[in-house]
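1. okay, predicted coordinates and the sequence, questions at the end:
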Amino acid sequence: MQTVTRWMMALATAAIGTPLAAQEAAIPPAAEQIAAAVLPLPAELRAAATVLGYNADGKLTPLRRGTNGMTCLARDPRAPQFHVACYHESMEPFMARGRELRESGITGTQVDTVRFREAKTGTLKLPSHPASLYSLTGGSFDAKTGTAPGARWLYVVYVPYATTATTGLSDKPQEGAPWLMFPGTPKAHIMFVPRM
């Protein structure tokens, strides 16, 4: 169970944008980045999602403007493993602030220390309703088939400041059952791991 917990923690952390070790890699064409980025979403949400990907300089930039309230992040070409995530637009201030802090050199738990402080003072806007996040981690993207063999799915519903008392969910990882991660914090969320 300890290994499963570490795996889920790593997936959840990656899903919210923790940078992975940088390495040189070619930037895939925009169409390929978009196809991979939207893969975590249910099929009916893919075509209308906003996609943020990487330009020739390796900078995160909008590749496609969407209309359905979902934002997808393409794989960081410097990352050692495949990881893509899509989240509801109400999470963008929280996610964008994390990216901005990491870009400025703030790392690890300090990123959340800053975001939590800003959320408490009201300078960082959080969703006022549950907000979903879908991700795929590991494996690799096959551009020919539009699939990611070997990738692990993770589904999350952010409910800022939720607790076991307000949700009735355990804060302990449960195989085959949803559970609450980071209860009582601005990034409290319900974890759904399809397979462990």
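-> That came through, no problem. Since we're looking at a predicted model, the values are computed, not measured.
2. which residue ranges form the helices in this protein?
-> For the chain, helices defined by DSSP state H occupy the ranges 2-15, 30-37, 43-46, 92-103, 109-121, 164-167.
3. and these: which comes nearest residue 55?
-> Across the helices of the chain, residue 55 has its closest neighbour in helix 30-37 (8.7 Å, CB to CB). From N, CA and C alone the C-beta is placed, and that goes for glycine too.
4. just the mean pLDDT for that closest one, thanks.
-> With pLDDT averaged residue by residue, helix 30-37 scores 97.
5. now swap in stretch 165-185 and tell me
-> 93.
6. mind exporting the C-alpha coordinates of it to PDB?
-> This file holds the C-alpha atoms of stretch 165-185, laid out as PDB (Å, rounded to 0.1, in the frame of the first residue of the first chain):
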ATOM      1  CA  ALA A 165     -16.300  16.100   7.600                       C
ATOM      2  CA  THR A 166     -17.700  18.200   4.700                       C
ATOM      3  CA  THR A 167     -17.500  15.400   2.100                       C
ATOM      4  CA  GLY A 168     -17.800  12.100   4.000                       C
ATOM      5  CA  LEU A 169     -14.700  10.900   2.100                       C
ATOM      6  CA  SER A 170     -11.700   9.200   3.800                       C
ATOM      7  CA  ASP A 171      -8.400  11.000   3.500                       C
ATOM      8  CA  LYS A 172      -6.700   7.700   3.200                       C
ATOM      9  CA  PRO A 173      -6.000   6.100  -0.200                       C
ATOM     10  CA  GLN A 174      -8.600   3.500  -1.000                       C
ATOM     11  CA  GLU A 175      -8.100   1.000  -3.700                       C
ATOM     12  CA  GLY A 176     -11.100   1.200  -6.000                       C
ATOM     13  CA  ALA A 177     -12.700   4.000  -4.000                       C
ATOM     14  CA  PRO A 178     -12.500   7.900  -4.200                       C
ATOM     15  CA  TRP A 179     -10.600   9.500  -1.400                       C
ATOM     16  CA  LEU A 180      -9.700  13.100  -0.300                       C
ATOM     17  CA  MET A 181      -6.200  14.400  -0.800                       C
ATOM     18  CA  PHE A 182      -4.800  17.500   0.900                       C
ATOM     19  CA  PRO A 183      -8.000  18.000   3.000                       C
ATOM     20  CA  GLY A 184      -8.600  21.500   4.400                       C
ATOM     21  CA  THR A 185      -6.200  23.200   1.900                       C
END
